[in-house]
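Student: Any chance you could fold what I've pasted below:
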Amino acid sequence: MDDRLPLDGITVIELGHSVAAPYAGLILGGLGAEVIKIENPGGGDHARDWGPPFWHGTSAIFQTLNRDKRGAAVDLGDAKAREGLHRLIVERADVLVQNMRPGVAEKFGLGSEALLAEKTALVYCTIGAYGAAGPLAERPGYDPLMQAFAGIMSVTGEEGGGPVRVGTSIIDMGAGLWAVIGILAALERRHRTGQGGLVDTSLLETGIAWMAYHVANYLSTGLELGRWGSGTPVMVPYQAFATADGQVIVAAGNDGIFRKLCDALERAELAQEARFAHNAQRVENRDDLIPLLEALFAKKTSADWIACLDGAGVPCAPIQSVAELLAHPQSRALGMVQDAPGLDMALVGLPLSFDGVRPPFRRVAPGLGEHGAEIFSDGPDKGGQDVG
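Tutor: The predicted structure follows:
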């Protein structure tokens, strides 16, 4: 494999805070781009203070989202500092990604229309909250607001229970992923045409996209399918079961797997009953089947059931804590958790490998304004070189 990462030579300016734009910058940096994170000198990215826990002077969340970047502090209210940033973008940037509040970039002359008119090869990516159009377009937004607004909380949690937020920032991180997909597509178009352009996504659009099959279910039936805990309204059994010492989740995604499950449970006759023979019937008769399975799973430990079901070819997994995940030999074999260079810190890397090699952990998150002097003294000839 060529030791250069795929985006080596690409320079990204990140005007990002919190999660969505920093996560996009994290991915682009991991892929080899030189990512320059611009922060307000009066405190920087809000995520620096999201703790405890704090790790090496800033929050563990900030360390996670901002590895593989250099950082500079720019007071956008200062005309000279703003002009320096403008020049940096025009002379060096291939990509600009921002998730500032609506209108802020335009207020300081950093909006897409102005910059793309001046530099047509620039790929300019905006990550908004409610999207670029509509009555709520000017409103700010955060992950839990969008999980609520997009309906995700209406399908998460136990039947009859209250709204539950997905425990990770699935909307913010998903918007960052969509931003990267759009940026990479725009860079490919630029490679063919020489033209950059505007990439626009938002937290709400990401939330609606994650709800795609729930929307399809509703449009096809007019029914809200509600909350199903660890299960799903359209497949049975496809959920967690309590064991003698924990819980395992079973995914009998078709009739053949259900027959294998019944054989493993030593209840082969269940698969022959008309009310359970096919998935549609199992969905209709869920309340009859699930208690039978719950009683059987309670008789053995999770480890016993995992060994039994694995041997029978039934997809299953233990429900693990973070500590159990990190200790599991499968997780360790993948090498997803990477040691920081020169520091007693380890963070999750990209879930991608190129020719069998995962992009390395190249640098820890920058201190506020840490690289400002070198960034603004770099000439346009420095391009996207890795100066770490």
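Student: Check the burial of residue 291 by counting its neighbours.
Tutor: A count of nearby residues for residue 291, using other Cβ atoms under 10 Å, gives 10. Using the backbone N, CA and C atoms, a C-beta is placed for each residue, glycine as well.
Student: Quick check: it is in a helix.
Tutor: Yes. With DSSP: H, G, I helix; E, B strand; the rest coil as the criterion, residue 291 is part of a helix.
Student: Could you measure from it over to residue 298?
Tutor: According to Cβ to Cβ, to the nearest Å, residue 291 stands 11 Å off from residue 298.
Student: What is the end-to-end distance of stretch 157-172?
Tutor: One end of stretch 157-172 to the other measures 20 Å (Cα to Cα, to the nearest Å).
Student: Now it: buried residues?
Tutor: Along stretch 157-172, these residues count as buried under the neighbour rule (16 or more other Cβ atoms under 10 Å): 157, 164, 165, 169, 170, 171, 172.
Student: OK, contacts around the third one?
Tutor: To tie it back to what came earlier, the one meant is residue 165. Counting by Cβ atoms under 8 Å, 6 or more residues apart in numbering, residue 165 touches 143, 144, 147, 153, 156.
Student: can the residues you listed go into JSON lines with extra columns for neighbour count?
Tutor: Formatted as JSON lines, these follow (neighbours: other Cβ atoms under 10 Å):
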{"residue": "143", "neighbour count": "24"}
{"residue": "144", "neighbour count": "16"}
{"residue": "147", "neighbour count": "24"}
{"residue": "153", "neighbour count": "18"}
{"residue": "156", "neighbour count": "18"}
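Student: Just confirm residue 239 contacts residue 249, I think it does.
Tutor: Yes. Assessed by Cβ atoms under 8 Å, residue 239 is found in contact with residue 249 at 6.6 Å.
Student: where do the contact lists of these two overlap?
Tutor: Residues touching both residue 239 and residue 249 (Cβ under 8 Å, 6+ apart) are residue 230.
Student: Same drill for these two, tell me which one is more crowded.
Tutor: Using other Cβ under 10 Å as the criterion, residue 239 and residue 249 rank with residue 239 on top: 20 against 16.
Student: Surely the more buried one is in a helix?
Tutor: No. Counting by three-state DSSP, residue 239 is not found in a helix; it is strand.
Student: Now the phi/psi pair for the residue lying closest to it once chain neighbours are set aside, please.
Tutor: Nearest non-adjacent residue to residue 239, counting by Cβ to Cβ, 6 or more residues apart in numbering: residue 231, 3.4 Å away. For residue 231, the backbone dihedrals (degrees, to the nearest 10) come out as phi -100, psi -170.
Student: quick one, what contacts residue 231?
Tutor: With contact set as Cβ under 8 Å, 6+ apart, residue 231 has these partners: 237, 238, 239, 240.
Student: Among those residues, which one lies nearest to residue 278?
Tutor: Proximity of those to residue 278 was ranked by Cβ to Cβ; the top entry is residue 237 with 13.3 Å.
Student: by contact count, what packs against the longest helix along the chain?
Tutor: Using DSSP state H, we find that the single longest helix of the chain is helix 170-193. Counting contacts by 3 or more Cβ pairs under 8 Å, 6 or more residues apart in numbering; DSSP states H and E, helix 170-193 packs against helix 20-30, strand 95-98, strand 123-128, helix 143-149, strand 197-202, helix 203-210.
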